[in-house]
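Undergrad: Following is a predicted model, sequence given first.
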Amino acid sequence: MKYYDKNTLIYLDGAFVKASEAALNPFAQSLHYGYAVFDGLRAYNTHNGPRIFKADKHFDRLKKSCEAVNIPYQWSNRELIDKCYELLAINNLREAYIRPLVLTGSNMHLTSSTEANLMIAAWEWGPYLGQNLLRVCISDIKRPNPKSFKTDSKISGQYVNSILATTEAIKRGFDEALMLDHEGFVAQASSENIFIEKDFKIYTPPAKNIFPGITRQTVKNICKKLNFEVIEKQLTVEDIYTADSAFLCGTAAEIIGIKQVDDVIYQEAWEHSIGASIQRRYKNLVLENENYEVII
C-alpha cells in the first residue's frame, strides 16, 4: 500500500511539509528504542463535510499516553484538531485515517526525553481488516504484563508485540491473532478489542489487562442505547470457542465480525447477531452529529 506521493503534505512541528522531504533525526530515541507515542483517528465524509470521529478523546489519549511515559507534551489539543482538518483539506481528503505521532529527540541514554516533536499524517485507508468475516487464531504471543509496561497507552515500541502476533497468525493461514494476557485469559486481538455474544448477552474482557479502546467504549455505549446487556469478565479460550458469535472493534478496523477461531466455526449467521446490529449502528453513528460520550 502507498501511503503518500510526491504531493502529499504532513504536519510536522508547526508547519505543513511534503512527506517525501520530511527529515528524520538519526539519533532520536524513537528510532532506536521505540520511545514514541501515537494515536489513530478516522475522518468520515458526512453531509456537512469531513468529520473526525471523537477527535477530542483521541487527542486527550495521545496526551495521557505521553504523560504515562514522561514524554513532554506542549501542544494545544484544540489547535491540533484544527490542524487535522487543515491537513485533510490541503490533501483533498474527505475520508481518511489520521495518525498523530509524538517523537522524542536525540538521546542514546535510557532516560526520559526532555524534548519532543509532533507529526500528523493522513491517508485514504479502508477498514484495516477488510470487510469480510474474519478467521482468527489464539496466538502463542502474549500481551505484555501491565506491571512491566504501560499497556493502556499507545506506545510505539509496544506494537512489536502486535507485529509478532499478527505475523504468526498470517503464516498459519488466519487473518488476525487473539492474544492472551499474562494470566492466561483472552485479552484482545493485535490492535482491536474483542466482544463475544452468548445467550443474547455481550461479554468483553475487563480493562485491567487490555488496551481500553475508544471504539470499545463506543460499542458499550451503543449497547446501552439499544438495551443490550454488556458484561465485563475475564474470558477463557473455551468462552471464545463456545460463544454464539464474536466481533472485533477498533478505530482502524471499525467493527468486524469473526467467522472462525482456530478450528471452531460460529454457527450463528453474522447478519442475525447482536454484533451485526451494533455494526450497523456504528456505521450510522460515525456519519451523524450525535455523539455517544463515555458514560461514567
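TA: That came through, no problem. Residues are numbered from 1 along each chain as shown.

Undergrad: got the residue ranges for the helices in the stretch 151-296 of the chain?
TA: 159-171, 214-225, 237-241, 274-285 (DSSP state H, counting those that start in this stretch).

Undergrad: Packing partners of the shortest one?
TA: To tie it back to what came earlier, the one meant is helix 237-241. strand 186-189, strand 193-198 (3 or more C-beta pairs under 8 Å, 6 or more residues apart in numbering; DSSP states H and E). (Each C-beta comes from the backbone N, C-alpha and C, glycine too.)

Undergrad: swap in the second one?
TA: In this structure, helix 214-225 packs against helix 55-68, strand 193-198, strand 201-204, strand 230-232, strand 245-250, strand 254-261, helix 274-285, with contacts taken as 3+ C-beta pairs under 8 Å, 6+ apart.

Undergrad: buried residues in that helix?
TA: The neighbour-count check on helix 214-225 (16 or more other C-beta atoms under 10 Å) flags 214, 215, 216, 217, 218, 219, 220, 221, 222, 223 as buried.

Undergrad: Just the closest of those to residue 188, please.
TA: residue 216 (8.9 Å; C-beta to C-beta).

Undergrad: so is the residue lying farthest from the centre of the chain in a helix, a strand, or just coil?
TA: Centroid-distance maximum for the chain: residue 109 at 29.8 Å, with C-alpha atoms, centre = their mean. Per DSSP: H, G, I helix; E, B strand; the rest coil, the local secondary structure of residue 109 is coil.

Undergrad: Give me the pLDDT value at it.
TA: We have a pLDDT of 95 for residue 109.

Undergrad: With residue 74 instead?
TA: For residue 74, the pLDDT comes out at 96.

Undergrad: how close does it get to residue 187?
TA: Computed as C-beta to C-beta, to the nearest Å, the residue 74 to residue 187 distance reads 33 Å.

Undergrad: The two: which has the busier surroundings?
TA: The neighbour comparison of residue 74 against residue 187 (other C-beta atoms under 10 Å) goes to residue 187, with 25 against 8.

Undergrad: Name the nearest residue to the more buried one, ignoring sequence neighbours.
TA: Distance criterion C-beta to C-beta, 6 or more residues apart in numbering; nearest residue to residue 187, sequence neighbours excluded, is residue 181 at 4.1 Å.

Undergrad: Ok, residue 80 next?
TA: residue 59 (5.6 Å).

Undergrad: next one: residue 131
TA: Residue 131 sits nearest to residue 256 (C-beta to C-beta, 6+ apart), 7.6 Å away.

Undergrad: That neighbour is in contact with residue 136, isn't it?
TA: No. If you go by C-beta atoms under 8 Å, residue 256 and residue 136 don't touch, sitting 10.2 Å apart.

Undergrad: which residues are in contact with both of the two?
TA: Common neighbours of residue 256 and residue 136, using C-beta atoms under 8 Å, 6 or more residues apart in numbering, are residue 248.

Undergrad: Contacts only, for the residue nearest to residue 131.
TA: Contacts of residue 256 by C-beta under 8 Å, 6+ apart are 127, 129, 130, 131, 133, 134, 192, 247, 248, 249, 279.

Undergrad: What is the neighbour count of the residue lying closest to the last one once chain neighbours are set aside?
TA: Using C-beta to C-beta, 6+ apart and skipping the chain neighbours, the partner closest in space to residue 279 is residue 255 (4.2 Å). Using other C-beta under 10 Å, residue 255 has 23 neighbouring residues.

Undergrad: is it true that residue 255 touches residue 215?
TA: Yes. With contact defined as C-beta under 8 Å, residue 255 reaches residue 215; the gap is 7.4 Å.

Undergrad: Need the overlap of contacts for these two.
TA: What both residue 255 and residue 215 touch, as defined by C-beta under 8 Å, 6+ apart, is the set 249, 282.

Undergrad: Could you report the neighbour count for the nearest residue to residue 267 once chain neighbours are set aside?
TA: Distances taken as C-beta to C-beta, 6+ apart place residue 244 nearest to residue 267, at 7.9 Å, with adjacent residues excluded. Residues near residue 244, counting by other C-beta under 10 Å, number 17.

Undergrad: quick one: pLDDT of residue 244?
TA: You'll see residue 244 listed with a pLDDT of 98.

Undergrad: Please list all residues in contact with it.
TA: If you count contacts by C-beta under 8 Å, 6+ apart, then residue 244 has 196, 197, 198, 199, 266, 267, 268, 273 around it.
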